[in-house]
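A.B. asks: What follows is a predicted protein model with its sequence.
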Amino acid sequence: MTQPTVFAPGEDRLSDAELRALSPKEALWRNRSVGELANALIMMVDDEMLNIEMTQAFLQDAGYRHFVFTDAPEHALAMMRKEPPAVLLLDLSMPRVNGLDILAAMRDDPKLRHVPAIVLTISTDPQVKLKALALGAMDFLSKPVDPSELGLRIRNTLAASAYREYLSQHDTLTGLPNKQRYRREVEEVLAAARVQGHSGALLHVGVDALGRINDALGRGVGDQALLRIAKRLESCVQTEAGGELSTDRHNPTLYRFDGDEFAMVVPYMDGVHSAAAFISKLLEDATVGFQRSGAPEVFVTCSVGVSVFPTDGMEPELLMRNAGLALRHAKQAGPHRYEFYSPRFNEAALSRLDLGAELRHAVRRDELELQYEPRIELASGRVVAAQSHLRWKHASGRVIEGDELMDLAGSCEMDVTLTEWTFEQMRQHVKNWRAAGLQPVPMGIKVSLANMRPADLAQLTDAAVASGLEANNLSLELQHVGALDHLPAKEAEVMAALRRKGVRLAMDRFGSQASVAHLRKLMCDEIKVDASFMRDLEKDTQAQAMLLGIGDLARRLNLRCVACGVDTPAQLAFLRRNGCDLGQGRLFGQAANGLAFAARWLTRSGKPQRVVLPGEPP
């Protein structure tokens, strides 16, 4: 009995109408995103050359153009590794190396495991079919094969593979190329720049405050904003195609990362000035405004970070990281800005990373010290509270303390650890003061919310109160309150519950990190004016006006106002003259450890000590 060929006699030719129905162009018409299927490489492995020739002739008639084949199956894997095909047509029953062996080897090869294989075989054993499918075969056809069925299976397999490839390379929301595609094309642009010796740039574009839109108006509105920004950015980039930012092989291209970030590759740049002009136009075009019925109009802006090659490097990962650092610095400076990468960004990031790692060791090695400085009532000079002050003397001799230490804790996710440590030290100090017959005063403790949820803070506070601290003697001074921008109602209730227990809440670094918007999010008892307002206060009329405005705001909201960084008699005079409630700073005494603070400022009766203010008799 003669072994059947791939097609039964008379079935290797189809009518023109039947061939047109099998054409890859039909799939393109139905789904234009799959690419040019006719150019897909089709590989055939069969020990009968006649089968290969018949199949190729049929597929050429159907419209496919690129083929590779072998009738020596032992060479198949090497051929595929050299150039992976878009689809493999594989016979199972072959001498020396059979089709199942090839499928098993493909499954174990990272480069070949995703190549779709269609098995063509004379075997009718269902166990053979199951084994082939288990080894990763995409489809299984018994010889002789119906040519129409084979044509449809190949076309649909290629279309599905092309669509999967499209999804892996594109953002689903905007349809723009994604980060994976960006990384690959950055490599291509840099390779061309090395040969031609010209400059270019990577731009990372971040949408400002997208989280606030998602929280206030819903993620659907946030996605609409991203789509509108994407269209504007894409239009701006497309106008540069073939222009002064392009090369003969590459044009500026836009990509979408996850979240609120886009990226662009500028293949050619004739100096920083040409890039700056393009970026300025980009920032202007990317600003979008929209308004929902009954809601105020919302404007969304972007910020941009830029790394330039070869100045900032020629390795893709390095340039991408540098553009990301520049974007973060641009956002920290304020919305709707751009920054070119500077080595100091990287130095600062590495220094902060090193310090963050050492800070973890510093807590375990007991290298931190909790100090206190007096807070006084400006009208009377009485000491009404103790302001806690964290201090770390680094092994290098550098002292990191106060707000700088809190910022470091926020950047390296040490917020919870430092807060827990501070509560424990404070509890021990209060215990010692009481043992000596001294009466504690209310104490302010700085708390970073950069990485700490209000629920975590409430848990730490409750534990501190249970261990001996009095709730009505605690004031939680909240820093990094940008986290409150996304505060769910449930978390806000946690903070309100703390106030009901007697714990005071203060908005720290007001006018710098915290604003009136944060006060609307979370009711507090105090606002602590950022120390930057005190610098050059005597000569800075703008700072004076802002201080007066903050003080008036505090009075209208029935909040106590604390001026921080009071260091000179002139500053004190201005504050007293304008009715500021409380103050703290070097003018009233340096920060001291628990023992020294108690000896200087605490009394057995609880009657407040009084600071002798400049110009007053001792």
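C.D. replies: Right, received. Where do you want to start? Numbers count the residues shown, from 1 in each chain.

A.B. asks: Now do the contacts for the spatially most central residue of the chain.
C.D. replies: With distances taken as Cα atoms, centre = their mean, residue 259 lies nearest the centre of the chain, 7.1 Å away. Listed by Cβ atoms under 8 Å, 6 or more residues apart in numbering, the contact set of residue 259 reads residue 210. Where you see a C-beta, it was placed from the backbone N, CA and C, and this is true even at glycine.

A.B. asks: The one 5 residues further on too?
C.D. replies: Under the criterion of Cβ under 8 Å, 6+ apart, the contact list for residue 264 reads 202-203, 205, 233, 237, 252-255.

A.B. asks: Am I right that it is in a helix?
C.D. replies: No: counting by DSSP: H, G, I helix; E, B strand; the rest coil, residue 264 is not part of a helix but strand.

A.B. asks: For it, give the beta-bridge partners.
C.D. replies: Residue 264 has these beta-bridge partners by DSSP bridges: residue 203, residue 254.

A.B. asks: Let's have the contacts of residue 264 in a markdown table, adding neighbour count and pLDDT.
C.D. replies: Formatted as a markdown table, those follow (neighbours: other Cβ atoms under 10 Å; pLDDT from 0 to 100):
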| residue | neighbour count | pLDDT |
| --- | --- | --- |
| 202 | 27 | 94 |
| 203 | 25 | 93 |
| 205 | 28 | 94 |
| 233 | 23 | 92 |
| 237 | 22 | 90 |
| 252 | 22 | 93 |
| 253 | 22 | 93 |
| 254 | 21 | 95 |
| 255 | 25 | 95 |
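
A.B. asks: Most widely separated two among these?
C.D. replies: Largest separation among these by Cβ to Cβ: 202 and 233, giving 14.5 Å.

A.B. asks: hmm, back to that, what is the nearest of the contacts of residue 264 to residue 508?
C.D. replies: Distance to residue 508, by Cβ to Cβ, is smallest for residue 205 among those, at 32.0 Å.

A.B. asks: Verify the contact between the closest one and residue 286 for me.
C.D. replies: Yes: using Cβ atoms under 8 Å, residue 205 makes contact with residue 286 at a distance of 7.0 Å.

A.B. asks: what's the overlap in contacts for those two?
C.D. replies: The contact sets of residue 205 and residue 286 overlap at 233, 302 (Cβ under 8 Å, 6+ apart).

A.B. asks: And the strands in the stretch 251-400 of the chain?
C.D. replies: 253-256, 261-266, 288-290, 298-300, 302-309, 338-340, 368-377, 383-393, 399-401 (DSSP state E, counting those that start in this stretch).

A.B. asks: about what we covered before: turn the contacts of residue 264 into a markdown table, columns for distance to residue 332.
C.D. replies: Listed next are the contacts of residue 264 as a markdown table, based on distance: Cβ to Cβ, whole Å:
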| residue | distance to residue 332 |
| --- | --- |
| 202 | 19 |
| 203 | 18 |
| 205 | 16 |
| 233 | 22 |
| 237 | 26 |
| 252 | 26 |
| 253 | 27 |
| 254 | 24 |
| 255 | 23 |
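
A.B. asks: out of the residues you listed, which one sits closest to residue 109?
C.D. replies: Nearest to residue 109 among these is residue 255, at 29.8 Å by Cβ to Cβ.

A.B. asks: Could you measure from that closest one over to residue 140?
C.D. replies: To residue 140, residue 255 is 39 Å away according to Cβ to Cβ, to the nearest Å.

A.B. asks: ditto for residue 87
C.D. replies: Counting by Cβ to Cβ - residue 87 and residue 140 are separated by 14 Å.

A.B. asks: for residue 97, same thing?
C.D. replies: Residue 97 is 19 Å from residue 140, where distance means Cβ to Cβ.

A.B. asks: Could you do residue 239 as well?
C.D. replies: Taking Cβ to Cβ, one finds residue 239 at 51 Å from residue 140.
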